[in-house]
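>>> Predicted structure and sequence below. I'll ask about it afterward.
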Amino acid sequence: MTLHTVNKSPFETNSLETCLRLVRSGHNVLLFEDGVYGASKGTRFENMLTEAMQNCKVYILLPDFEARGMQTDSLISGIETVDYTGFVDLVTASERVQSWL
Amino acid sequence: MEEGGGVTKKFLYVNRRAPYGSIYALESLEVVLIGAAFEQDVSLAFIDDGVYQLKKGQATDGIGMKNFSPTYNALGDYDINKIYVDKDSLEQRGLTLDDLMNLTWEDENENYAEKPSISLVNSEELAALMEQQDVVLSF
């Protein structure tokens, strides 16, 4: 299993879009740093994420989400939150980590 | 098989930035060339603006930066001949394979026949390629 990480806002770069285009079934996606902006309801990326979540799991690093003033009730349903320890657990459970810069 | 007795791993370098506007493309190329000394199983992928790195006819005289595009021609001599270009990214930018540098390598098993290094791949092929890797390095 591959862990894909995205740390840029989807409004700034197309990293999230390309990641979701190339992610395979059963992979995990973790949004962190500015990448967490993609996890909010009501953005133009919501459908893309919802569709991706039919085949893979999406996580956000909660401290990054909260740091940006976002509340978990604005999170797209199905997205799970992790803390730093959870981030490490995702990494160690993966065969490889692919970062989308 | 490896000559130094070490483990050979599959390395994929993922390039998603255009050259010159940032340092990523040049840094990636340098890391690839340094890494080539370790005789690993190396592949390169060019996605999104990364496809611009392979554009033919780069001429940087006017911007005072080194044109490093000829260096890609040397990759074949370092046994780096698996260069994958994302077809979608190329098409979105109005480019075709003919717009890219003609990168080749010499097959010593076939009397040093010159063969193309670049393959165009679709999303599914690219995703499969990524899943085969031990290490993925992003630039």
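On my side now, so go ahead.
>>> Stretch B:111-131 and chain A, any residue contact?
Yes - using Cβ under 8 Å from any Cβ of the partner chain, stretch B:111-131 reaches chain A at B:123, B:126, B:127, B:128, B:130, B:131. (Glycine included, C-beta is placed from N, CA and C.)
>>> Enumerate the positions of that stretch that are buried.
Using 16 or more other Cβ atoms under 10 Å in any protein chain shown as the test for burial, stretch B:111-131 gives B:117, B:118, B:121, B:126, B:127, B:129, B:130, B:131.
>>> Now do that stretch: distance to the chain's middle.
On the basis of Cα atoms, centre = their mean, to the nearest Å, stretch B:111-131 sits 10 Å off its chain's mean C-alpha point.
>>> Would you work out how far apart the start and end of that stretch are?
Terminal residues of stretch B:111-131 lie 33 Å apart, using Cα to Cα, to the nearest Å.
>>> tell me the mean pLDDT for it?
Predicted confidence along stretch B:111-131 averages 97 (mean pLDDT).
>>> Now tell me what touches it from outside.
For stretch B:111-131, contacts defined as Cβ atoms under 8 Å, 6 or more residues apart in numbering or on different chains pick out A:2, A:21-24, A:98, B:12, B:14, B:43, B:45, B:47, B:54, B:75-76, B:80-88, B:90, B:97, B:100, B:102-107, B:136.
>>> Which members of the residues you listed are positioned in helices?
Those of the contacts of stretch B:111-131 mapping onto helices are A:21, A:22, B:87, B:88, B:90, per DSSP state H.
>>> And the closest residue to the last one other than its chain neighbours, how far from chain A?
When the adjacent residues along the chain are set aside, residue B:90 lies closest to residue B:51, with 5.1 Å between them (Cβ to Cβ, 6 or more residues apart in numbering or on different chains). The spacing between residue B:51 and chain A, counted by Cβ to the nearest Cβ, to the nearest Å, is 12 Å.
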